[in-house]
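*Asks:* Give me a 3D structure for the following:
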Amino acid sequence: MKYVITCGDEGVQINEGTRLAVVGAGLHLEEFSEIVKALKNLLGSEIAIAASEENSWTKQQLDLSTWEQADASMQQHIAALADKEGLQYSGILPFADPQELEHEIKGHMVRPRGIHIGTTITFTLDGGEQTYHLGQYLISAEWVSSVDPEIAKKAIETQVAHYKSLGGGDLTFSVQTGGELGEEVAAKNKAVLESFGYTFSE
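*Replies:* Numbering: from 1, shown residues only. You can find the predicted model right below:
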């Protein structure tokens, strides 16, 4: 299954493809180039990227007043980001039935419009999202043991802070494994996250 970088918004569901979650699909995330480089080294160079509707990170980062502006702007910015980082731009994930996008990606938004209902921040450790849960914000952490710890810590903390702002601050943390990179890589990445002070529910 093709890997696709998308937002970690709990409503993003990838039906065909494997999701690598980065807040706002990497828009205005200072460390995104380092994340992409590490992911390509781990998973191969053909990684797609997709925008998503009603993206809170995009609306905040670009100081926009409506979701219509955010949807249009995210598509433009993520297409440009794809060119910059050598990713395959797939399109935008809508509030609709699952949509066939470009580059073997299919997906949509499934949370209620205007509402965030996630209660957990889940880190994927070894090959992207394996099981979708509507109650979780998602953060790809496959790469954290492959970059400078300070870069990893800042990128993770920025994303966690955003999802806490959406979820009211009182969120638990969990990890997800079972990807193609395997247990050894998962263990290394989990250890890095624990060194940053995160503890995980079973």
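*Asks:* Tell me which stretches of the chain form helices.
*Replies:* Secondary structure of the chain by DSSP state H: the helices cover 32-43, 56-61, 67-85, 149-166, 182-195.
*Asks:* Mean neighbour count, those helices: which tops it?
*Replies:* Ranked by mean neighbour count, the helices of the chain are led by helix 56-61 with a mean of 21 (mean count of other CB atoms under 10 Å). Placement of C-beta: from N, CA and C, glycine included.
*Asks:* Show me what it is packed against.
*Replies:* helix 67-85, helix 149-166 (3 or more CB pairs under 8 Å, 6 or more residues apart in numbering; DSSP states H and E).
*Asks:* mean confidence for it?
*Replies:* Helix 56-61 shows a mean pLDDT of 97.
*Asks:* likewise stretch 36-47?
*Replies:* Mean predicted confidence for stretch 36-47 is 97.
*Asks:* Contacts for it next, please.
*Replies:* With CB atoms under 8 Å, 6 or more residues apart in numbering as the test, stretch 36-47 has contacts from 2-5, 20, 26, 85-88, 127, 140, 142-143, 146-147, 180-181, 185.
*Asks:* hmm, try it at 6 Å
*Replies:* 3, 85, 87, 142, 143, 146, 147 (CB atoms under 6 Å, 6 or more residues apart in numbering).
*Asks:* and which of the residues you listed is nearest residue 100?
*Replies:* The shortest gap between residue 100 and any of the contacts of stretch 36-47 belongs to residue 3, at 17.2 Å (CB to CB).
*Asks:* Name the nearest residue to residue 27, ignoring sequence neighbours.
*Replies:* The shortest distance from residue 27 to any non-neighbouring residue, by CB to CB, 6 or more residues apart in numbering, is to residue 77 (5.3 Å).
*Asks:* That neighbour contacts residue 28, doesn't it?
*Replies:* No - contact criterion CB atoms under 6 Å: residue 77 and residue 28 do not qualify, at 8.3 Å.
*Asks:* Low-confidence ranges, the protein, go.
*Replies:* Applying pLDDT under 70 to the chain flags residues 202.
*Asks:* residue nearest the centroid of it?
*Replies:* residue 21 (1.5 Å; CA atoms, centre = their mean).
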